[in-house]
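**Q** show me the folded form of this:
(2 chains)
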Amino acid sequence: MPGPALFFSTLMSDEAKTIARGLQKRDPDLLDRLIEQYQYRLFRYLVYVTGSRERAEDFFQETWIRVLERGHQYDGKSKFEAWLFAIARHLVIDWQRSKKAQSLDTLTDPEQEHPLQLANENDPSPLHQILSQETQENVQSSLQKIPAIYREILVLRFQEELQIDEMAGVLSIPLSTVKSRLYRGLEALRGALQGGAA
Amino acid sequence: MKSGNAHDHALHLIAQARVEGIAEADSTWLRAHLGECEFCAKHASQTDHALRVFRTVAISLPDGLASRTQFRVRLRADELREHGLGRKLLWTIAGVSWALGIASAPWVWRAFEWVGHRTGAPKLIWEVGFVMWWAVPALLATGVVLAIWNGRAGEPE
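**A** As a prediction, this is how the structure comes out:
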């Protein structure tokens, strides 16, 4: 007798195939539904990656335009959200490259001592703008200390709950790199929140 | 296992358990170690606390983000549909003109031959004329298609 895991797996696979068929046809109703359904998760991901609410908003719209244009490339064999995040990530990296001739990774690699660059240092920190509740003030400043490259991997694993192989697909990096980033990210998170919110 | 190594191993397992999971035997060993090591137990507790806090971080959505995006996506979908229709029309015209060109080729050949005889033009001249009759429109069409192609580079099909 098939277990619940198999049932949900089949259900998700059917959903992914339905989405793939709709995207092939550029079904506007499907896109409307997907935008509603994934708005929070995509926006959150973009905020963690870009560190800026305004940029995240721009990339959010561009990502869905790209989903419309490249929808025929989604085959429904993987989770839709993994494909969606990969598209969003590529847009951000393209933007970073055009702006600074550097990839997101090199720009934010803590070992290269390039902290996340904010648009205007006089403005309030982007994460401060995003996390408006007073009770989260300590958390915001703590998360600000974590490099974007680790914030990204943490959000994919511990908020999106993607599997490691799915994350490797989104980030276009080997499994071993995903794991090493996760370990470092987790340590950075523990260290940051220990000094901030903990 | 030496004490220092035991702590290192425990710290590694604490992270591994949260990142990719650990085997039952490792889990049992870790539980036992955490029961007797205050330092590692505190580390595990801090890690769990950090993850709990991280998972509860809330981000507010900008007002009307979804509706604005839906509007932009629909506009772009309309544009793509129009471009798609334009492309279909172009291909249809190209196909029909090729079919007509091939079908009418024998008559056009005879017409060029007749004009060549009437004007006394050398055979090579009216044969070149016939080839030009075929080649020039095709070259122009290719130029137009290439211009459109370049203009829409990066655009989806």
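
**Q** determine the longest helix present in chain B.
**A** With DSSP state H applied, the helix covering the greatest number of residues in chain B is identified as helix B:65-119.

**Q** report all helices and strands that that helix contacts.
**A** Contact partners of helix B:65-119 among helices and strands, from 3 or more C-beta pairs under 8 Å, 6 or more residues apart in numbering or on different chains; DSSP states H and E: helix A:28-50, helix A:53-70, helix B:123-151. No exception for glycine: its C-beta is placed from N, CA and C like everyone else's.

**Q** in chain A, which segments are predicted with low confidence?
**A** Within chain A, the set of residues satisfying pLDDT under 70 comprises A:1-12, A:100-137, A:195-198.

**Q** what are the boundaries of the helices in it?
**A** Remark: helices of chain A, listed N- to C-terminal, are A:4-24, A:28-50, A:53-70, A:80-100, A:104-108, A:126-130, A:137-144, A:148-154, A:164-171, A:175-195; assignment by DSSP H.

**Q** looking at the ones you listed, which is buried most?
**A** Each of these was assessed for mean neighbour count using mean count of other C-beta atoms under 10 Å in any protein chain shown. The highest is helix A:148-154, with a mean of 24.

**Q** can that helix be found next to chain B?
**A** Yes: contact between helix A:148-154 and chain B is present through A:Leu154 (criterion: C-beta under 8 Å from any C-beta of the partner chain).

**Q** what packs against that helix?
**A** Packing contacts for helix A:148-154, counted by 3+ C-beta pairs under 8 Å, 6+ apart, involve helix A:28-50, helix A:104-108, helix A:164-171, helix A:175-195.

**Q** dump the residue contacts of residue 44.
**A** Since no chain was named, I'll use chain A. A:Val155, A:Gln159, B:Ile59 (C-beta atoms under 8 Å, 6 or more residues apart in numbering or on different chains).

**Q** if you could check chain B rather than the one you did, that'd help
**A** With contacts taken as C-beta under 8 Å, 6+ apart, B:Ala44 has the following neighbours: B:Ile14, B:Leu34.

**Q** picking up where we left off before, now the helices and strands packed on helix B:65-119 in a markdown table, with distance to B:Asn5?
**A** Compiled in a markdown table, these are given as follows (distance: least, C-beta to C-beta, whole Å):
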| stretch | distance to B:Asn5 |
| --- | --- |
| helix A:28-50 | 36 |
| helix A:53-70 | 44 |
| helix B:123-151 | 64 |
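
**Q** just so I know, which of those lies nearest A:Tyr183?
**A** When these are ranked by proximity to A:Tyr183, the top entry is helix A:28-50, at 18.1 Å, counting by C-beta to C-beta.

**Q** between the helices and strands packed on helix A:148-154, which one is nearest to A:Ile149?
**A** The stretch from those with the least distance to A:Ile149 (C-beta to C-beta) is helix A:104-108; that distance is 4.4 Å.

**Q** what domains does the record give for chain B?
**A** As assigned by automatic domain parsing, chain B contains the domains B:3-56, B:65-151.

**Q** related to what we said a few turns ago, out of the helices of chain A, flag the one nearest B:Phe130.
**A** Nearest to B:Phe130, of the helices of chain A and by C-beta to C-beta, is helix A:53-70 at 44.0 Å.

**Q** what's in contact with the closest one?
**A** A:23, A:26, A:31, A:34-35, A:39, A:42-43, A:46-47, A:49-50, A:84, A:87-88, A:91-92, A:95, A:119, A:126, A:129-130, B:62, B:65, B:68-69, B:72-73, B:76-77, B:80, B:155-156.
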